[in-house]
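Peer 1: next come a sequence and a model predicted from it.
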Amino acid sequence: MKSPSRSHVTLGRRENSDLAGDGMLELTPEAFAPFGRVMDFHAQQVPGSSAFLSAATSFFRASLFEPGADGTTDLLWVSYDRAEPPEDFEAHLLTEQALIPITGTIVQHLFRDDVDDGTVNRFLVRPGQGIVMSPGSFHTTTSVDGEALCLMVSRVSTTDDLSRSLQTGCQASETVFAPPPG
Ligand SMILES: NC(=O)N[C@@H](O)C(=O)O
């Protein structure tokens, strides 16, 4: 299969909204499956042994989370205020990483070397939704309309390693960086 150009993105089911543009994929468990799992407040609101639903208050599982062997789960506030993705995407080697927009919609750009020749997929993720990316999923994030504040779930050692790398320029050991193929 011809390796896709950098701007090549798969065309999937279009969002029924004015936010979706060319190449945006609707965030569904099926479409996102090569990269991880989807959390969706409305779609996941179903009765079950780990749920309680009432008019006044409800709780139900959004996802489990795996920080990797001997990993400690890390909760981070993250903000994105950029309309264009950077040259390099990043992939975390040891841990899943969850991203939940709180204010503002984000676009999550992803590729995997072992999926569709590294074709970049772009998903709109709105407040009330979230994603859990599997280790090795190259990703970067842009915001749709100014700053978007998000909650991120990661691994303490990966956060510390990435922070050190970004601050000092030293090579990260738990994160790799690469541009989309082609
Ligand atoms: N903290 C951290 O890992 N951030 C990046 O992965 C990112 O995608 O923003």
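Peer 2: Yes, it's here. Numbers count the residues shown, from 1 in each chain.

Peer 1: please make it C-alpha for all contacts and neighbour counts, starting now.
Peer 2: Will do.

Peer 1: now residue 167: how far from residue 133?
Peer 2: Going from residue 167 to residue 133 by CA to CA, to the nearest Å gives 24 Å.

Peer 1: how about residue 146, what does it touch?
Peer 2: Residue 146 is in contact with 81, 82, 83, 104, counting by CA atoms under 8 Å, 6 or more residues apart in numbering.

Peer 1: list phi and psi for the closest residue to the first one other than its chain neighbours.
Peer 2: Once flanking residues are discounted, residue 81 sits nearest to residue 147: 4.2 Å by CA to CA, 6 or more residues apart in numbering. Main-chain dihedrals, residue 147, degrees, to the nearest 10: phi -70, psi 140.

Peer 1: number of nearby residues for residue 147?
Peer 2: Neighbourhood size, residue 147 [other CA atoms under 10 Å]: 17.

Peer 1: hmm, it is touching residue 105, no?
Peer 2: No - with contacts counted by CA atoms under 8 Å, residue 147 stays clear of residue 105, the gap being 9.1 Å.

Peer 1: of the contacts of residue 146, just the buried ones, PyMOL syntax please.
Peer 2: Applying 16 or more other CA atoms under 10 Å to these, the buried members can be selected in PyMOL as follows:
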select buried, resi 82+104
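
Peer 1: what's next to the one helix or strand residue 165 maps to, contact-wise?
Peer 2: Element membership for residue 165, per DSSP states H and E: helix 156-168. Residues outside helix 156-168 that contact it (CA under 8 Å, 6+ apart): 71-74, 92, 94-95, 170-175.

Peer 1: which of the residues in that helix are buried?
Peer 2: Applying 16+ other CA under 10 Å to helix 156-168 flags 156, 157, 158, 159, 161, 162 as buried.
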